[in-house]
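Trainee: return a 3D structure for these sequence lines:
(one chain, ligands or ions: 1)
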Amino acid sequence: MKAMTSTNANGTAPAHAPAPAHGIADPGAYGWGVFHERHPALVRRLCEGNPYGPEQRARLDALLDESRAGRVRPPAPETAAAAPWAARDRRYFGRPWSEVPFLWAESYFYLRLLECVDHFSPGPWQGVDPFAPMKNAELTDPALESDTAWLDGLAGAPPDEAFRALVLASLYGNRADLGFQLVQAVTTPTDGDPTDGDPTGGDPVADGPGASGAPLLADDVEALWKHVSRRPPGDVHVILDNAGRELLADLLLMDHLLTTGRATSVVLHVKPRPYYVSDATASDVRDCLTRMAAFRGEAGRAAGRLREAAATGRLRQATHAFFCSPVEFADMPADLRAGLAQAGLCVYKGDLNYRRLVGDRAWPADRPFDDAVAGVPGSLVALRTLKSEVAVGLPKETVDRLDAARPDWRTDGSQALVQTRLRP
Ligand SMILES: O=P(O)(O)OC[C@@]1(O)O[C@H](CO)[C@@H](O)[C@@H]1O
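Mentor: The predicted model follows:
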């Protein structure tokens, strides 16, 4: 792992010296593999799934070439108009992609990918989600319904156990990330691995989606339970990650919080446009609820309750241009900050949100989580399957043990964490 020295997301010197940002230049770095292996696989899938013409295909190939060996080209005017951050933040234009931090480079790649397929240009492809064929394939997977059968077993479970099962389902739903699956089979620890174990501790939770994983690297579920069960319910804001399986599990958790009175209302923060392959947009929420509504059993009933909650304003969707930018959450705009600061709880889902929450930098893994999220407002929880190099808030012994037993533990999707910073 090799990281690079850089300024923070605003290009200004931060109050304390930051760790170097993760980069994409070094073939040993995770980001290099994303640009040299994952992105070509993604472009192949897009061209199989969408009837793109020769110009769109040629532009996608040119973007691959540019981002692997060229210099960063500025966006076309209509692209810049849709992405204020890219119009403002011009510091990497004209520089070799290899000099750009991973977080910035990847976010900009997805913006330019949309430009290549005419997403921002008036015409037949304007606004079309290039990832829809991949998202649809997951949503129509016949196994999706039976994958929620564990929910029926929760009836009558002690409230804290039911809560834990739903949190773990939402957490492990983050493994089902279509971008990640392009090149990586998600693995779980095998026999003999010292990290092997059952995170769930007994029925009915043990039959849920968290049943066969490794122990959580950080497990603040109990603190989270105390937070939601002992304080007056407030608004819960979810900074969503992937559509499909992950979103389905997130919606089940939100239904639980609403029906148990542990949330007054829920706000789902979706992406304003297609991003990182499977990130959820408003139409993905709609499609997921439609699919869920056809399920027999509790998941189908949850879809009905959530639609009702949407109709009465207790389940709302929100979006912000900021969510499709590479800017860290500590530097979020004032309007978003004001909304999240008032929340009873903010749930940050997934790997990319974690990178933006703590900073995509080579922090010592034992840097306290509270310290890393000091600039982010409100009470918060990160539910993350590890799929990139950054990690904080972990005991040094855990890190040493994992480094010895499983060198790719930071990026192979086998590990997960629940980390909180909760305010009374
Ligand atoms: O945010 P998510 O969906 O959990 O993960 C996003 C992800 O697939 O994209 C990046 C590489 O492309 C990594 O940070 C991570 O593995």
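Trainee: just the endpoints, please. Distance across stretch 113-129?
Mentor: Start-to-end span of stretch 113-129 (C-alpha to C-alpha, to the nearest Å) is 11 Å.
Trainee: flag every buried residue along stretch 407-423.
Mentor: Of all the residues in stretch 407-423, those buried under the rule 16 or more other C-beta atoms under 10 Å are 409-422. C-betas here are computed from N, CA, C, even on glycine.
Trainee: got it, and stretch 80-98?
Mentor: 80, 82, 83, 85, 86, 89, 92, 97, 98.
Trainee: low pLDDT regions in the stretch 1-150 of the chain?
Mentor: 1-16 (pLDDT under 70).
Trainee: now do the strands in it.
Mentor: With DSSP state E, counting those that start in this stretch as the criterion, the stretch 1-150 of the chain has strands at 3-4, 21-22.
Trainee: so what secondary structure elements neighbour the last one?
Mentor: Packing partners of strand 21-22 (3 or more C-beta pairs under 8 Å, 6 or more residues apart in numbering; DSSP states H and E): strand 3-4, helix 102-116.
Trainee: distance between the longest one and the chain's centre?
Mentor: Spelled out, that is helix 102-116. 16 Å (C-alpha atoms, centre = their mean, to the nearest Å).
Trainee: tally of neighbours for whatever residue of the stretch 201-350 of the chain ends up closest to the ligand?
Mentor: Per C-beta to the nearest ligand atom, residue 350 is where the stretch 201-350 of the chain lies closest to the ligand, at 3.2 Å. Neighbour count of residue 350, defined by other C-beta atoms under 10 Å: 26.
Trainee: right, and the helices and strands packed on strand 21-22 - which one's nearest the ligand?
Mentor: That would be helix 102-116 among the helices and strands packed on strand 21-22, by C-beta to the nearest ligand atom, at 5.8 Å.
Trainee: contact residues of this structure facing the ligand?
Mentor: Taking C-beta under 6 Å from any ligand atom as the contact definition, the chain meets the ligand at 34, 38, 106, 174, 177, 179-180, 241-242, 276, 350-352, 355, 387-388.
Trainee: of those, the lowest pLDDT goes to which?
Mentor: pLDDT across the residues of the chain next to the ligand is at its lowest for residue 180, which sits at 66.
Trainee: what residue of the chain is the furthest out?
Mentor: residue 54 (32.4 Å; C-alpha atoms, centre = their mean).
Trainee: start and end of stretch 123-134, how far apart?
Mentor: Termini of stretch 123-134 sit 23 Å apart (C-alpha to C-alpha).
Trainee: in that stretch, what counts as buried?
Mentor: For stretch 123-134, by 16+ other C-beta under 10 Å, it's 125, 129, 130, 131, 132, 134.
Trainee: what does stretch 271-291 give?
Mentor: Buried, per 16+ other C-beta under 10 Å, within stretch 271-291: 271, 273-281, 284-285, 287-289, 291.
Trainee: excluding chain neighbours, what is closest to the residue nearest the centre of the chain?
Mentor: Residue closest to the mean C-alpha point of the chain, counted by C-alpha atoms, centre = their mean, is residue 350 at 3.1 Å. In space, and not counting its chain neighbours, residue 350 is closest to residue 241: 3.1 Å by C-beta to C-beta, 6 or more residues apart in numbering.
Trainee: my guess is the one you found contacts residue 277, does it?
Mentor: No - between residue 241 and residue 277 no contact is recorded; they are 11.0 Å apart, counting by C-beta atoms under 8 Å.
Trainee: which neighbours do the two have in common?
Mentor: residue 177 (C-beta atoms under 8 Å, 6 or more residues apart in numbering).
Trainee: quick one, helices of the stretch 1-150 of the chain?
Mentor: 30-33, 39-49, 54-69, 77-82, 84-88, 102-116, 132-139, 143-146 (DSSP state H, counting those that start in this stretch).
Trainee: residue 27: neighbouring residues, count only.
Mentor: Applying other C-beta under 10 Å, I find that residue 27 has 9 neighbouring residues.
Trainee: quick one: contacts for it?
Mentor: residue 36.
Trainee: could I get the phi/psi values of it?
Mentor: Residue 27 adopts backbone torsions of phi -60, psi -20, taken as degrees, to the nearest 10.
Trainee: now do residue 408
Mentor: phi -90, psi 20.
Trainee: now residue 383
Mentor: Dihedral angles (degrees, to the nearest 10) for residue 383: phi -110, psi 110.
Trainee: doesn't residue 418 make contact with it?
Mentor: Yes - with contact defined as C-beta under 8 Å, residue 383 reaches residue 418; the gap is 5.9 Å.
Trainee: who touches both of the two?
Mentor: 167, 171.
Trainee: any idea which of the helices of the stretch 1-150 of the chain is most buried?
Mentor: helix 102-116 (a mean of 24; mean count of other C-beta atoms under 10 Å).
Trainee: for it, packing partners?
Mentor: strand 21-22, helix 30-33, helix 54-69, helix 77-82.
Trainee: what angle separates the longest one from helix 39-49?
Mentor: Computed with axes from the mean of the first three to the mean of the last three C-alpha atoms, to 10 degrees, the direction of helix 54-69 lies at 170 degrees from that of helix 39-49.
Trainee: can you tell me the SS state at the closest residue to residue 262 other than its chain neighbours?
Mentor: Distances taken as C-beta to C-beta, 6+ apart put residue 228 closest to residue 262, at 4.5 Å, once the chain neighbours are dropped. On the three-state scheme (DSSP: H, G, I helix; E, B strand; the rest coil), residue 228 is labelled helix.
Trainee: OK, contacts around residue 228?
Mentor: 163, 257, 262, 263, 344, 345 are the contacts of residue 228 under C-beta under 8 Å, 6+ apart.
Trainee: need these in CSV (columns: neighbour count).
Mentor: CSV is the format used below for those (neighbours: other C-beta atoms under 10 Å):
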residue, neighbour count
163, 24
257, 22
262, 20
263, 26
344, 21
345, 25
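Trainee: ok now the strand ranked longest in the chain, how far from the chain's centre?
Mentor: The longest strand of the chain (DSSP state E) is strand 263-270. Relative to the chain's own centre, strand 263-270 is displaced by 16 Å; criterion: C-alpha atoms, centre = their mean.
Trainee: now do the buried residues in that strand.
Mentor: 263, 265, 266, 267, 268, 269, 270.
Trainee: and the residue nearest to the centre of the chain, what does it touch?
Mentor: Contacts of residue 350 by C-beta under 8 Å, 6+ apart are 174, 177, 241, 242, 246, 383, 384, 385.
Trainee: so which of those belong to helices?
Mentor: residue 246 (DSSP state H).
Trainee: hmm, which two among the contacts of residue 350 are most spread apart?
Mentor: Using C-beta to C-beta, these span at most 12.9 Å, a distance reached by 177 and 383.
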